[in-house]
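Trainee: Please find the sequence and the predicted model below.
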Amino acid sequence: MSDSKKMDIEQIRADFPILHQQVNGKPLVYLDNGATTQKPQVVIDALANYYRTTNSNVHRGAHTLSDQATQMFEDARITMQEFLNAEKSEEIIWTRGTTESINLVAQTWVRSNVKPGDEIIISGMEHHSNIVPWQMVCEQTGAILKVIPVLDDGSLDYDGYLKLLNDKTKFVAVVHVSNALGTLNPVEDIIHEAHKVGAKTLIDGAQAVAHWDIDVQALDCDFYAFSGHKLFGPTGLGVLYGKEALLNAMPPYQGGGEMILHVSFEKTTYNVLPYKFEAGTPNIAGAIAMAAAVDYLNSLDRIALAKHEDSLLARANELAAQTDGLRLVGTSKNKASVFSFLIEGTHPHDVGTLLDQQGIAVRTGHHCAMPVMEQFDIPGTVRASFTFYNTLEEVDALFKAIEKVKMFLL
């Protein structure tokens, strides 16, 4: 590891001010990173400094603050291009989040390119944001939605996927990492096989970008979507990567300012990429703060951090094996640091409430993945999701708290 990169977890934790507080009289153990990650001080500062010193609308401004804001905003786009290894900055579209990014693709490229009888493939472990938009497009176009089965361990039925592919397949949209199960899908292979039948692909990377480097050119995906708030950045901001040729061929998603070159009552001429898809005043402060989050990540040894996250999940699995009445949901060999479980004889919400009373923040419920919950015949799970600022001691604290929950509920 170079001298410029840090690995000391306590030093890293010091960068996140929210972690150093008590909740319900107990030290906060924040294990809800799959829902949203916490923000390092540099991101908070970037957000505040923009509003304190540079607040102005971008593009077309005739004054210094606007010039400065525009430069910072477009520099942030370049930062995201480099982060994803996109070929051009024009392939980076700012959105409000993963959900809007998926809907944008669904209502532009897909809606314009599918016809009755064409097929769209998703998987059985998708977040609702990668289910409902495709159902809507199928209703609008007469296309047919096909679903890749999920195996009992929570992994994708890859052979089942291959059987679904045919010359009617026009689009494949799958999650990189399941938010409910933690399953890491073989997206590079999924993309390669989809391209063999001429289908385009979208990868929902919301749960992946915080854990590993993403190289969209190596993946060869047609679209990749994620949210800033799950990558230690601000809420209300997302990124859609798309191949330039596809983005150029797509109609605009929304109409209004910024996405136009010329407007008359007879005809409107649309702007060039990426602005064609960025109608209205963008989340300028969010983009600038997102760049700060990526710069922060780049200051760390991400390979070492990933190994640390693996150790957290390994400790959780080790302790789970020693805990009577605990059922794991999602046991694929390839997964991110998502630990979903049930305690026999209890409801997930009751468990989550009692964990919160001990200062431990987890997520409970169906995690916006109701179909996979129905497959496992459960109402939901308790989900502890780890990231690099979590510690082995916090995993131990979770299981000590689980024992207290069992004493109270059983």
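Mentor: Ah, there it is.
Trainee: what's the distance between stretch 402-410 and the middle of its chain?
Mentor: Relative to the centre of its chain, stretch 402-410 is centred 33 Å away, using CA atoms, centre = their mean, to the nearest Å.
Trainee: Can you list the residue ranges for helices in the stretch 1-150 of the chain?
Mentor: Secondary structure of the stretch 1-150 of the chain by DSSP state H, counting those that start in this stretch: the helices cover 9-13, 41-49, 64-84, 98-105, 111-113, 132-141.
Trainee: Now do the longest one and helix 41-49, the angle between them.
Mentor: Following axes from the mean of the first three to the mean of the last three CA atoms, to 10 degrees, one obtains 150 degrees for the angle between helix 64-84 and helix 41-49.
Trainee: Give me the residues contacting helix 64-84.
Mentor: Where contact means CB atoms under 8 Å, 6 or more residues apart in numbering, the residues beyond helix 64-84 that reach it are 50, 54-61, 86, 88-89, 91-92, 94, 214-216, 224, 239, 241, 274, 282, 284, 287-288, 290-291, 294-295, 298. In this view, the C-beta of every residue, glycine as well, is placed from N, C-alpha and C.
Trainee: picking up where we left off before, which of the helices of the stretch 1-150 of the chain is buried the deepest?
Mentor: helix 98-105 (a mean of 25; mean count of other CB atoms under 10 Å).
Trainee: mind saving the C-alpha coords of it as PDB?
Mentor: Provided in PDB are the C-alpha atoms of helix 98-105 (Å, rounded to 0.1, in the frame of the first residue of the first chain):
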ATOM      1  CA  THR A  98     -30.900   4.700  -9.600                       C
ATOM      2  CA  THR A  99     -34.700   4.600  -9.900                       C
ATOM      3  CA  GLU A 100     -34.800   7.600 -12.200                       C
ATOM      4  CA  SER A 101     -31.900   6.300 -14.200                       C
ATOM      5  CA  ILE A 102     -33.700   3.000 -14.900                       C
ATOM      6  CA  ASN A 103     -37.000   4.800 -15.700                       C
ATOM      7  CA  LEU A 104     -35.100   7.000 -18.100                       C
ATOM      8  CA  VAL A 105     -33.800   4.000 -20.100                       C
END
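Trainee: Give the other helices and strands that it contacts.
Mentor: strand 92-95, strand 200-204, strand 223-227, strand 238-242 (3 or more CB pairs under 8 Å, 6 or more residues apart in numbering; DSSP states H and E).
Trainee: hmm, which of the contacts of helix 64-84 are the buried ones?
Mentor: 50, 54, 57-59, 86, 89, 91-92, 94, 214, 216, 224, 239, 241, 274, 282, 284, 287-288, 290-291, 294 (16 or more other CB atoms under 10 Å).
Trainee: Among those residues, name the ones in strands.
Mentor: 92, 94, 224, 239, 241 (DSSP state E).
Trainee: from the residues you listed, which single one is nearest Phe376?
Mentor: Tyr224 (28.1 Å; CB to CB).
Trainee: Quick check: the closest one vs Ile303, distance?
Mentor: Relative to Ile303, Tyr224 is positioned 21 Å away (CB to CB, to the nearest Å).
Trainee: what do you get for Ser112?
Mentor: According to CB to CB, Ser112 stands 41 Å off from Ile303.
Trainee: got it, and Val329?
Mentor: From Val329 to Ile303 the distance is 28 Å (CB to CB).
Trainee: What is the end-to-end distance of stretch 10-26?
Mentor: This stretch, stretch 10-26, spans 19 Å end to end (CA to CA, to the nearest Å).
Trainee: Now do it: everything it contacts.
Mentor: Contacts for stretch 10-26 (CB under 8 Å, 6+ apart): 6, 28, 30, 38-42, 44, 296, 300, 356-361, 388-389, 391.
Trainee: if you look at the residues you listed, which of them are in strands?
Mentor: 30, 360-361.
Trainee: Please produce a markdown table containing these, extended by distance to Ala208, neighbour count and pLDDT.
Mentor: As requested, the ones in strands among the contacts of stretch 10-26 are arranged in a markdown table below (distance: CB to CB, whole Å; neighbours: other CB atoms under 10 Å; pLDDT from 0 to 100):
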| residue | distance to Ala208 | neighbour count | pLDDT |
| --- | --- | --- | --- |
| Tyr30 | 20 | 23 | 98 |
| Ile360 | 25 | 26 | 98 |
| Ala361 | 22 | 16 | 98 |
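Trainee: what's the closest of those to Thr346?
Mentor: Nearest member of those to Thr346, counting by CB to CB, is Ile360, at 15.3 Å.
Trainee: In contact with that closest one, which residues?
Mentor: Per CB under 8 Å, 6+ apart, neighbours of Ile360: 26, 29, 31, 397-398, 401.
Trainee: again with Asp215
Mentor: Here Asp215 is in contact with 84-85 (criterion: CB under 8 Å, 6+ apart).
Trainee: Also His63?
Mentor: His63 touches Ser56, counting by CB under 8 Å, 6+ apart.
Trainee: any idea of the pLDDT on it?
Mentor: On pLDDT, His63 comes in at 95.
Trainee: ok, it to Glu258 distance?
Mentor: 18 Å.
Trainee: what's the answer for Thr391, then?
Mentor: 44 Å.
Trainee: what's the answer for Arg302, then?
Mentor: From Arg302 to Glu258 the distance is 34 Å (CB to CB).
Trainee: can you check Pro252 too?
Mentor: Counting by CB to CB, the gap from Pro252 to Glu258 is 11 Å.
Trainee: same deal with Lys400?
Mentor: Distance from Lys400 to Glu258, by CB to CB: 52 Å.
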